[in-house]
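> I'll drop the sequence and a predicted model, then ask my questions.
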Amino acid sequence: MSSEAIRQAGNVEYIKAFGSSPASNFIELRIGYAEEAKRLYMEASKKATNTGRQMDWLSAMKNLGVTCMKLATLLVDNPIRSREFILYQFREALSYLSDALYHGRTIKPLIWLNEIINNVNDCCGSALILIVTEQTLSY
């Protein structure tokens with residue numbers, strides 16, 4: 001299976017987790033779909049690396065970052081995982097998005113790069129709100 005086909009399979013799982021009509025209202029199932037999407041995007045990125053398909057790799061990295069960010073945001077609103085797990089997802093999102101931004105800066109269109117920058121800003125803002133809110137509540 002090609003890296004593009006694997007990434008598209010990840011998109012199906014992503015939509016189940018975060019689409020306008022998620023496949024389930026149960027948070028645990030949505031987390032499972034998100035984790036499967038992450039697994040498939042990682043597999044797609046490895047396949048793209050092995051076959052020298054840089055554009056496919058960039059798309060997989062962006063998708064990984066967005067999925068981690070959406071998962072973290074879902075868990076902030078439904079705190080059924082530890083704070084550390086949620087912050088880990090935000091860190092992973094920033095790492096994947098940063099890689100995509102860095103490696104795509106000379107070959108991707110400006111609109112794609114701006115979308116990544118907006119995602120980085122959203123991710124940092126959401127993580128900061130979580131940290132500040134938790135610090136404020138602990139006093």
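Noted; the coordinates are in hand. These figures come from a predicted structure and were not determined experimentally.
> Need the nearest residue in space to residue 36, chain neighbours excluded.
Nearest non-adjacent residue to residue 36, counting by CB to CB, 6 or more residues apart in numbering: residue 13, 4.4 Å away. From N, CA and C alone the C-beta is placed, and that goes for glycine too.
> go on, residue 35?
Nearest non-adjacent residue to residue 35 (CB to CB, 6+ apart): residue 71, at 7.8 Å.
> How many residues are close by that neighbour?
26 (other CB atoms under 10 Å).
> That one and residue 3: what is the separation?
22 Å (CB to CB, to the nearest Å).
> before we move on, back to that, list the contacts of the residue nearest to residue 35.
17, 31, 34-35, 38, 89 (CB atoms under 8 Å, 6 or more residues apart in numbering).
> In terms of helices and strands, where is it?
helix 54-77 (DSSP states H and E).
> quick one, what contacts the spatially closest residue to residue 51 that is not a sequence neighbour?
Of all residues not flanking residue 51 in the chain, residue 3 sits nearest, at 6.5 Å (CB to CB, 6+ apart). For residue 3, the contact set (CB under 8 Å, 6+ apart) comprises 44-45, 47-48, 51, 53, 56-57, 60.
> Let me have the residues you listed in TSV, adding pLDDT as columns.
Below are the contacts of residue 3 laid out as TSV (pLDDT from 0 to 100):
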residue	pLDDT
44	98
45	97
47	97
48	97
51	93
53	95
56	96
57	97
60	97
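> Identify the farthest-apart pair in those residues.
By the measure CB to CB, 51 and 60 form the most distant pair in the contacts of residue 3, at 12.0 Å.
> out of those two, which sits in the busier spot?
Between residue 51 and residue 60, counted using other CB under 10 Å, the more crowded position is residue 60 (28 against 12).
> Surely residue 11 and residue 62 touch.
No: at 11.6 Å, residue 11 and residue 62 do not qualify as touching, with contact defined as CB atoms under 8 Å.
> Compare these two (neighbour count), which wins?
residue 62 (23 against 17).
> circling back to that earlier point, and whatever helix or strand the residue nearest to residue 36 lives in with helix 54-77, angle?
Take DSSP H and E as the rule and residue 13 turns out to sit in helix 3-18. Orientation note: helix 3-18 sits at an angle of 10 degrees relative to helix 54-77 (axes from the mean of the first three to the mean of the last three CA atoms, to 10 degrees).
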